[in-house]
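Novice: Below is the structure, and that's it, no one-letter string:
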């Protein structure tokens, strides 16, 4: 991907909207016909979207893509973020000290974007090879409790317990949530299985891992339509405990059954961990 200064300037003008209509048409045609140029433009686009932003916003456009989902877990990991900061600091120092005319003859931002992109490519190769999709990264990426279903009340007494438990959970008062859901499950013979989901996650947040695993196993044993959720959340418990072996066992069960909860995500994580 060695391009002339004119091409590099054209790329920057392309993103800045400085090309005239005929120039834009010709450059887009050139991108389609030149794979190396197309790759450089794509990398530069992603770097512009995320540069200086630790959330890596460019992933959002590919949210439903298996590889993007797995990549997101990698990008949010502490090790990757540390590497990203180191690359940025090195780049800042370089451009502060660099006096070469060959570099300063055009705007340095594009060079920095390409340089950091190249460094990231190398880093990805090493990072993925070393199985750096850490348990912590996978857990952080997937511990989004906003997707939990709202609980449906059944009867006056238990309606209060469910409401209290759900409100406490939303407010991250996991001790009260655990107490409310435990009482509800004991009092209600035909209880809402989703209450076990809330209970298990509250126990997980409280680091009561054994109790959390028991709650999620009860979901599996319930034989309800939602029983497969138990495998997913058991996997999260194991990732939180940095027990990859047992986490993988649960993900493999999900991956082997297309109808199971988080089937696509489980396959993506397994593939990324290979």
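Specialist: Ah, there it is. None of the values given here were measured: they were computed from a predicted structure.

Novice: Distance of residue 163 relative to residue 181?
Specialist: 11 Å (CB to CB, to the nearest Å). From N, CA and C alone the C-beta is placed, and that goes for glycine too.

Novice: of the two, who's got more company?
Specialist: Ranked by neighbour count (other CB atoms under 10 Å), residue 163 and residue 181 place residue 181 first, with 31 against 13.

Novice: Hmm, the more buried one is touching residue 197, no?
Specialist: No: between residue 181 and residue 197 there is no contact under CB atoms under 8 Å: 9.2 Å.

Novice: Just the element for residue 198, please.
Specialist: Residue 198 is located in helix 193-205, with elements delineated by DSSP states H and E.

Novice: If you average the pLDDT over that helix, what comes out?
Specialist: What helix 193-205 shows for mean pLDDT is 92.

Novice: Could you do stretch 210-230 as well?
Specialist: Mean pLDDT, computed over stretch 210-230, is 93.

Novice: who's in contact with it?
Specialist: 193-194, 196-197, 199-201, 203-204, 231, 233-234, 237, 254, 257, 259-261 (CB atoms under 8 Å, 6 or more residues apart in numbering).

Novice: Buried ones in that stretch, by neighbour count?
Specialist: 211-213, 215-220, 227-230 (16 or more other CB atoms under 10 Å).

Novice: Cross those against strands and list the overlap.
Specialist: Counting by DSSP state E, none of the members of those fall within strands.

Novice: show me what contacts residue 176?
Specialist: With contact taken as CB under 8 Å, 6+ apart, residue 176 is in contact with 164, 165, 168.

Novice: cutoff 7 Å now
Specialist: Residues near residue 176 by CB atoms under 7 Å, 6 or more residues apart in numbering: residue 168.

Novice: again with residue 191
Specialist: Counting by CB under 7 Å, 6+ apart, the residues that residue 191 touches are 184, 185.

Novice: where does it land in three-state SS?
Specialist: At residue 191 the chain is in coil, as set by DSSP: H, G, I helix; E, B strand; the rest coil.

Novice: what about the strands in the stretch 101-250 of the chain?
Specialist: With strands called from DSSP state E, counting those that start in this stretch, the stretch 101-250 of the chain shows none.

Novice: can you map out the helices along it?
Specialist: In the stretch 101-250 of the chain, the helices defined using DSSP state H, counting those that start in this stretch lie at 101-104, 108-129, 135-142, 156-170, 174-187, 193-205, 209-221, 229-240, 244-255.

Novice: can you tell me the average pLDDT over the first one?
Specialist: Predicted confidence along helix 101-104 averages 44 (mean pLDDT).

Novice: try the third one
Specialist: On average, the pLDDT along helix 135-142 is 75.

Novice: Counting by contacts, list what it packs against.
Specialist: Contact here means 3 or more CB pairs under 7 Å, 6 or more residues apart in numbering; DSSP states H and E; on that basis helix 135-142 packs against helix 66-75, helix 229-240.

Novice: Next, count neighbours for residue 271.
Specialist: 13.

Novice: okay, and for the protein, where does confidence drop off?
Specialist: In the predicted model of the chain, residues 1-3, 46-133, 144, 146-147, 149-150, 152-158 satisfy pLDDT under 70.
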